Each structure stands twice: as structure tokens, then as C-alpha cells.
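Participant: Make a model of this:
(2 chains)
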Amino acid sequence: MTLAASQAPPAPPRAAAPPPRPGPARRAWRTVSPYAYLAPFFTLFAAFGLFPLLYTAFVSLYRVELQTPGDMEWRGLGNYTALLGDAYFWVALRNTFTIGVLSTVPQLVMALGLAHLLNYRMRGRTFLRTAVLLPYATSVAAATLVFAQLFGRDFGLVNYGLGLIGIDPVDWQNGTVASQIAVSTVVIWRWTGYNALIYLAGMQSIPDELYEAAAMDGASRWRQFFHVTLPGLRPTILFTVVVSTIGATQLFGEPLLLEGSISGGISHQYQTLGLYLYEQGWGFFHLGRAAAIAWVMFLLIVVLVGLNALIARRRSRKEAGR
Amino acid sequence: MTALVRPARTGPSRAGRTLHAGPLAHTILIVAVLFSAFPFYWTVVAASRSNADLAKVPPALLPGPHLMRNFEAVLEEADIGKALLNSLLVSGSITLGTVLCCTLAGFAFAKLRFRGRGALLAVTVGTMMIPPQLGVIPLFMLIAELGWVNQLQSVILPGLVSAFGVFFMRQYLVQSLPDELIEAARVDGASTARIFWSIVVPIARPGMAVLGLLTFMAAWNDFFWPVVALSSSEPTVQVALRQLGGGYVHDQSVIMAGTLLGTLPVLLVFGLLGRQIVGGIMQGAVKG
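Facilitator: Prediction:
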């Protein structure tokens, strides 16, 4: 190894070139060297990716406090039973679900429509595609602060606009439905364009012959959309539903910054599980309980994704049976 | 209404290429673009007004003269200068490190044969489905143990782990790097390291650029982990924005000025390289 290092190009030191002579040493290096290319990633991945993922389950069975993370006291399922007995856990679970539906469904439907339009031939198409992605460039923090201002009760632009068409001002921070709509709006605004581009990519991989055949059969644009585009996009749609579901389950920054409190409003009316986790862990210092919440979130995702996959499979089987 | 069918000789024309947008489609798209852009415009308006202006009915809809004054107030209240520098440092290191680690690993997965390749790739890709929050508590305990709380490496090192990046580079190299090229180089006696630096990297460069862009934006905008791992004395821009919105400051125009400062750098990147970002997302989606 030390012999080889002298003539190595500026490469990761372990991948240094062996002398170019055939032989068992070189062959041995051939079998080992691929791991040298994986080493930087997998070292970090093991330490900061995999280990924490697995260790969470362990932590969730202990009492661990933020100030003394070294002292762990066995609690068994105590953290989980405490959760089930906490009314705010159920509030957060319900909020996560309603905000998830409120943000994901309109977002994906609008993205689908936008993608269809962005797929048309027109001037400035690239510009339009880039422009709808613009919100993706902002951060959760920036977007939420701007929307919190727009949704202000007394001087917010949204209420002003509503006033122009004769609707009374809405208390976007304190109403349960209103605050959840406000949170969802931020999510919808940031992600619709992104999903539209993913749908657009999916649409472009649908073979043109299908459309030509449909057009020859006299299908209108509308029918083409429903009978060619939508079925062709099914895997893409499943992909976005899964990704958005995972995203919605973890919502954190939007509810935290709508008015800056970690309880998600006075009566926790828009506290999500992600924010509840943060409140328990870094507000009340219960890291063990926060780990239990993380596992509940994970199980929720597994169930939701499994459900999606099941529905998708059943639908495609039905399709195949026709 | 029948669709226009273009002659087949235009090549592999794609779905919808055959359709021209009508006035309705144009209108809807323009409205969508306005919705996308309006909050940015509003940030500029609110950041350049006094707080009193923002409390007027009807509200001001055009930019005002107070931008500089509000910027100064932000610099005073949240040390946004330091936050910008920290964000640049964090996002820059994460981008360089991620692109390098992921290209190395992506190359190995795409073109080298070794035992456990399939299993390792499956584990890597599998973790993409697991929410990062699941690992946050042990990660915090880990950096607490290492004494890294409130230090930038607590954000940088975990940021270098990108399963998506490995997968993205693998897909890129599977498609754009011909096996024959590697074989030829091997026959000429080149080592794998040599092949990596003089053949793989030049070919991978466009993919690396796209991954770098996406990584930079994600790192710059990351919120949850920096909020957990850092504090007001060593903030990234997002942590500083949280302070602004978190009740220390009640001046709306100052909050908006801070938001503007924190968003400008990434908007600049987006303005210059938006096309590549769009391409990268669409490419990643098809392959994912």
C-alpha cells in the first residue's frame, strides 16, 4: 500500500493505484477497492443515518431527559402508554391527518392540471415551467413568515381581499379550520409547482401513439386526458401521493412559525405530530417520549403507504381484469 | 374537438406536443405564475415599508422607501450577517461533500462488481422512505455526547448523508458512462482510481452539477435539524428567521426584511440556474 501511494493521482488515499503489474496483489485489490469508493458515504451513513434510525426504537423505551442524555432509565412501553393517555397527542394526530388531507389533495389535483397545461405547445414554455417552481426555492421559514403576514387578522392582505367581496375578517390563527387552512396554504403554495413538474415528466414518457390512436378513435382532449394520460401516470401519481403523505406526516416548520409558538396555537388547534415531538423533546425535555412519537409517526407512514400500495394494486388488477 | 396530429417525422414527439395551448390554458397558467410570484413581491413591498404603513387600510401595494432602514434593523436584532455566513459555510460544505461522496458511491454501485452490492443499494434506497425525524433524537444525543451542540459541524456532517444523491448519481452513471470506456482504460493499465478521476468525473459533471444545485437549495432551506442542533448564538439563516418570527421582534416590516435577506441568495441561484433545476427535478422524477 505504501509503495502504491507515491504514484497515486489526487484521489481518496485508500483508492490509491497499485503498481501496474498483474498479480495476486492486484487482483485482491480489485475485489476490495469498490468498498473504498463506498467508504466515505457509508461511514457517514452508518453514523448519522442508520444508527439513529435504529437507536430511536431503543430510546423510546427509556426515560431520557434533554439535560442529561447520558442517564437512561428503563420504562418499557411507558412512553407509549403516556402518549395514549395524553389528550394533546390525539389532537396532534387528528390535526396531522386533517392538515395532511387539506394540503395534499388540492396540491396534487392542481399539480395535475398545471402539468397538463405546461405540456401544451406554447411560447415561453420553459419560462412558465421555471416560474411555477419558484416557490420551491424558498424555505419553510421564509414562506410561512410571509403567509403569516398575509393571513394577519387585522391588517392581513387576505382578509382585506375577502372584505372587498363582502366576507367578514377571518381569525386565521385562532380558528381551528381557519388556522389549518392557513398552514395548508403554505404547503400547497410551496409544493404544487414541484409536483406539476414530476407529473409533466411522467406525461412525457407516455407514448405518443396512444394519443394518436385515441384521437383517431375520435376521443376529445378531455377524454384523452382521462383515458390515456391518467392511466399512464398511475405510477407517477402513486409516487407523489407517497412522497406527499410522508411530507405531510412530518409537517413542522409551517405550524411552528404561523405564530411562533411550539404548542401550535392556544388550544393546540394546528399542532402537528412533528411539532408535538419537538414540544415534548425540546420544550419539555422528554427525549424518550419524543422518540416514542417518532415511532408513532413512522408507523403511521407505514400504514398510509401500505394502504396506498394496496389501493393501487387493487385498481390495476381491476384494470387488468377488464 | 379533435387534437391536431403532427406528422410522425418530427421524431419522437411527446404526449401533448400535438396540442397547442388555447387562450384558456394561457390564462390559467398566467394566474398560476402570479400566485407563485406574489408572495415574493409582497415580501419586497412589506420589507420596504414602515410598520405603520402595513397597518393601514387599504394596505400599501407598492414598494416603499424604508428597505435600507429595515435591513439595518434586522442586522441589529438577529445578527443576520453571521447567519448568512454560517448558512453559506454549511450549505457550501454540504454541497461539496455530498456531491463527492455520492459520486464515489454512485460510481461503485453503477460500474463496479463486488459482494453485497444489491443489498447495500437496497438499504440505501430503502432509507429514503423513512422520515428524518425518526432519527433526530439519537442524532441529538450523539452530537451532545460529542460536544457538538451549537457547532456547525453538527449540521454539516449529517447533511453529507444523502441516499437520494447516491441513487441519483448511480442512475446517471448507469446511463451515461459506457462500460466499454472503462474496459478500454483497464486494458491500457489504468487503475480504478485513475479511471474515476479522468473518465468518470468528467462524464458525471452535468449530473454532479444538478445534484449540487438540489443539495445546495435543500441545505440552505433546511429547518428542522438546524433549529434542534443550533441556537441563536450560532444560527443559520433559517434559525435566525425563526427568531425573528418567534416573538422577539414584533415589527412585521423587519420580519419581512429578514425573510427577504434570507431568501435572496437562493433566489439568485434559482434565477441563474432555474432551467437546470427544472431539468434535474424532472429527470430525478422519471428515474425515481
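
Participant: Do any residues in stretch B:60-78 lie close to chain A?
Facilitator: No. Stretch B:60-78 lies apart from chain A when judged by C-beta under 8 Å from any C-beta of the partner chain; the minimum separation is 8.6 Å. For the C-beta atoms, the positions are set from N, CA and C on the backbone; glycine is no exception.

Participant: list the buried ones in that stretch?
Facilitator: B:G64, B:H66, B:L67, B:N70, B:F71, B:A73, B:V74, B:E77, B:A78 (16 or more other C-beta atoms under 10 Å in any protein chain shown).

Participant: Report the central residue of chain A.
Facilitator: In chain A, the centroid-proximal residue (C-alpha atoms, centre = their mean) is A:G247; its distance is 2.5 Å.

Participant: next one: chain B
Facilitator: B:M217 (2.4 Å).

Participant: Is the residue nearest to the centre of chain A in contact with A:Y194, as I believe?
Facilitator: No. Using C-beta atoms under 8 Å, A:G247 makes no contact with A:Y194, being 10.4 Å away.

Participant: packing partners for the helix or strand bottoming out on mean pLDDT in chain B?
Facilitator: Ranking every helix and strand in chain B by mean pLDDT, DSSP states H and E puts helix B:51-54 at the bottom, with a mean of 80. Helix B:51-54 is packed against helix B:252-287, with contacts defined by 3 or more C-beta pairs under 8 Å, 6 or more residues apart in numbering or on different chains; DSSP states H and E.

Participant: How far does the helix it packs on sit from its chain's centre?
Facilitator: Chain-centre distance of helix B:252-287: 8 Å, with C-alpha atoms, centre = their mean, to the nearest Å.

Participant: returning to that earlier point: could you report the pLDDT at the residue nearest to the centre of chain A?
Facilitator: pLDDT for A:G247: 91.

Participant: likewise A:E254?
Facilitator: Looking at A:E254, the pLDDT reads 94.

Participant: Figure out the helix or strand that it lives in.
Facilitator: Element membership for A:E254 (DSSP states H and E) is helix A:253-257.

Participant: what about that helix, near chain B?
Facilitator: Yes. For helix A:253-257 and chain B, the contact criterion (C-beta under 8 Å from any C-beta) is met by A:G253, A:L256, A:L257.

Participant: just stretch A:289-308 next, same as before
Facilitator: Yes. In terms of C-beta under 8 Å from any C-beta, part of stretch A:289-308 sits within range of chain B, namely A:A290, A:A291, A:A294, A:W295, A:M297, A:F298, A:I301, A:V305.

Participant: any weak-confidence spans in the stretch 151-300 of chain A?
Facilitator: The stretch 151-300 of chain A contains no residues with pLDDT under 70.

Participant: show me where it has helices.
Facilitator: For the stretch 151-300 of chain A, the helices defined by DSSP state H, counting those that start in this stretch cover A:157-164, A:176-204, A:208-216, A:221-224, A:230-232, A:234-249, A:253-257, A:273-278, A:287-321.

Participant: Give the burial count for A:A111, as a bare number.
Facilitator: 25 (other C-beta atoms under 10 Å in any protein chain shown).

Participant: Tell me if I'm right that it and A:A196 touch.
Facilitator: Yes. Using C-beta under 8 Å, A:A111 is in contact with A:A196, at 4.2 Å.

Participant: May I have the residues that are in contact with the residue nearest to the centre of chain A?
Facilitator: A:V187, A:W191 (C-beta atoms under 8 Å, 6 or more residues apart in numbering or on different chains).

Participant: now A:T138
Facilitator: A:T138 neighbours (C-beta under 8 Å, 6+ apart): A:R190, B:P39, B:F40, B:N221, B:T263, B:V266, B:L267.

Participant: Are any of those buried, and if so which?
Facilitator: A:R190, B:P39, B:F40, B:N221, B:T263, B:V266, B:L267.

Participant: State the distance from A:Y211 to chain B.
Facilitator: 6 Å (C-beta to the nearest C-beta, to the nearest Å).

Participant: count of neighbours near B:F216?
Facilitator: Neighbours around B:F216, by other C-beta under 10 Å: 22.

Participant: Verify the stated contact: it with B:F270.
Facilitator: No. If you go by C-beta under 8 Å, B:F216 and B:F270 don't touch, sitting 10.3 Å apart.

Participant: element containing residue 76, please.
Facilitator: No chain in the question, so chain A it is. Short version, using DSSP H and E: A:G76 is in no helix or strand.

Participant: oops, I was thinking of chain B
Facilitator: Counting by DSSP H and E, B:E76 is part of helix B:67-78.

Participant: go on, B:V123?
Facilitator: Judged by DSSP H and E, B:V123 forms part of helix B:117-126.

Participant: So is that helix next to chain A?
Facilitator: Yes. Helix B:117-126 reaches chain A (C-beta under 8 Å from any C-beta) through B:R117, B:L120, B:V123, B:T124.

Participant: residues contacting residue 277?
Facilitator: No chain was given, so I picked chain A. Counting by C-beta under 8 Å, 6+ apart, A:L277 has contacts A:A290, A:I293, A:A294, A:M297, B:Q133, B:V136.

Participant: should've been chain B
Facilitator: A:T130, A:L133, B:V210, B:L213, B:L214, B:M217, B:F270.
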